[in-house]
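Student: I'll drop the sequence and a predicted model, then ask my questions.
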Amino acid sequence: MSTQHTTSGDPARSLALLWRTQEPTSRRNKPDLSVDRIVSVASGLADADGLAALSMRKVAERLGVGTMSLYTYVPGRGELIDLMLDAAYAGLHAGGGRPGGWRDRLGAIAHANWRLFLRHPWMLQASRGRLLGPNLVAKYEYELSAVDGLGLTDGEMDSTVSLVNSYAEGAAGQAVAVGETERASGMTDGQWWSTHGPVLASLIRDSDYPTASRVGSSVGREHRTVYPAEHAFAFGLERVLDGIQVLVDSRSSAADGV
């Protein structure tokens, strides 16, 4: 799943729209048309068909207006995707409460980001991070607070949050790729191996690859799939948190003079 560079428009225009410093006024004959409605419809199209299929023309058709009408509100596709990305972050960590310890807090953050990418796979195709909208800044503030007060430097806090988010994004990307393969083939991972596994087994002797054969068979029996996405995500997250634990403990020991 390739990244598409979506900030090719005027950054000043994107920032003005993200922070609504230049909110366009609806025309009399289109009182229900707004930046927020355009972003909502565009996001729905991207959720259904992917980012490559998104165009200003398709958004206009879904809204029942002429394509040129959209340019009154959003300068172009690049700026539109900037707005869609920030809108996707809205309320990401709202309503779930805040777990007590830092490890639980980071775990909850990772799960929230994992689920976000699974809901909106098109986000994995878009370049992110350069233009900071209000929802992304609020997300960053919340996530930094999960590791505030642990004795980490500001740079370590930022890197810790980035590590957790990057892990969640990478794991989600793998899960999405598996899902896309299943949709394209019309078969689940388990169904594909049930059909084609015997052919592979006739070509490969277990004695030639004893470890791979043993482990692969064990995973298949346990999870009924070659790539158990949720298990892989949870397992990897615990190892990421284990690594952060070492850093946090070292800072605590240093503070205690050990």
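Tutor: Arrived safely, thanks for sending.

Student: For the protein, which residues score under the pLDDT cut-off?
Tutor: Segments of the chain classed as low confidence (criterion: pLDDT under 70) are 1-9, 23-31, 96-97, 129, 257-258.

Student: if you count residues, which helix in it comes out on top?
Tutor: In the chain, assigned by DSSP state H, the helix with the most residues is helix 154-185.

Student: How far away from the center of its chain is that one?
Tutor: Centroid displacement of helix 154-185 relative to its chain, using CA atoms, centre = their mean, to the nearest Å, is 6 Å.

Student: Can you work out which other helices and strands pack against it?
Tutor: When contacts are defined as 3 or more CB pairs under 8 Å, 6 or more residues apart in numbering; DSSP states H and E, helix 154-185 packs onto helix 102-119, helix 134-145, helix 189-203, helix 229-255. C-beta: built from backbone N, CA, C; applies to glycine.

Student: Neighbours of Asn135, how many?
Tutor: Using other CB atoms under 10 Å, Asn135 has 17 neighbouring residues.

Student: Please tell me I have it right and it contacts Ala87.
Tutor: Yes. Asn135 lies in contact with Ala87 (CB atoms under 8 Å); the separation is 6.8 Å.

Student: Point out the most buried one among the helices and strands packed on helix 154-185.
Tutor: Sort the helices and strands packed on helix 154-185 by mean neighbour count, taking mean count of other CB atoms under 10 Å, and helix 102-119 sits at the top with a mean of 18.

Student: which helices and strands sit right next to it?
Tutor: Counting contacts by 3+ CB pairs under 8 Å, 6+ apart, helix 102-119 packs against helix 154-185, helix 229-255.

Student: Apply 10 Å and report the result again.
Tutor: helix 77-88, helix 134-145, helix 154-185, helix 229-255 (3 or more CB pairs under 10 Å, 6 or more residues apart in numbering; DSSP states H and E).

Student: Including distance to Val41, could these go into JSON lines?
Tutor: What follows is the helices and strands packed on helix 102-119, written out as JSON lines (distance: least, CB to CB, whole Å):
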{"stretch": "helix 77-88", "distance to Val41": "10"}
{"stretch": "helix 134-145", "distance to Val41": "18"}
{"stretch": "helix 154-185", "distance to Val41": "22"}
{"stretch": "helix 229-255", "distance to Val41": "30"}
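
Student: closest to Ser207 out of the ones you listed?
Tutor: Ser207 lies closest, by CB to CB, to one member of the helices and strands packed on helix 102-119: helix 229-255, at 28.0 Å.

Student: Kindly spell out which helices and strands sit in contact with the closest one.
Tutor: Helix 229-255 packs on helix 102-119, helix 154-185, helix 210-223, going by 3+ CB pairs under 10 Å, 6+ apart.

Student: do you know which of those lies nearest Ala46?
Tutor: Of all the helices and strands packed on helix 229-255, helix 102-119 comes closest under CB to CB, at 11.2 Å.

Student: what angle sits between that closest one and helix 154-185?
Tutor: 40 degrees (axes from the mean of the first three to the mean of the last three CA atoms, to 10 degrees).

Student: Out of all residues in this protein, which is the farthest from the middle?
Tutor: Ser207 (40.8 Å; CA atoms, centre = their mean).

Student: can you tell me which residues contact Tyr227?
Tutor: Contacts for Tyr227 (CB atoms under 10 Å, 6 or more residues apart in numbering) come out as 174-175, 177-178, 181, 189, 219.

Student: Run through the residues that contact Leu152.
Tutor: Neighbour list for Leu152: 102, 158-160, 244, 247-248, 251 [criterion: CB under 10 Å, 6+ apart].

Student: ok, it to Asp249 distance?
Tutor: Separation of Leu152 from Asp249 (CB to CB, to the nearest Å): 12 Å.

Student: Identify the residues contacting the spatially closest residue to Val240 that is not a sequence neighbour.
Tutor: Spatially, and ignoring its direct neighbours in sequence, Val240 is nearest to Tyr167 (5.1 Å; CB to CB, 6 or more residues apart in numbering). By CB under 10 Å, 6+ apart, the contact list for Tyr167 reads 110, 113-114, 233, 236-237, 239-241.
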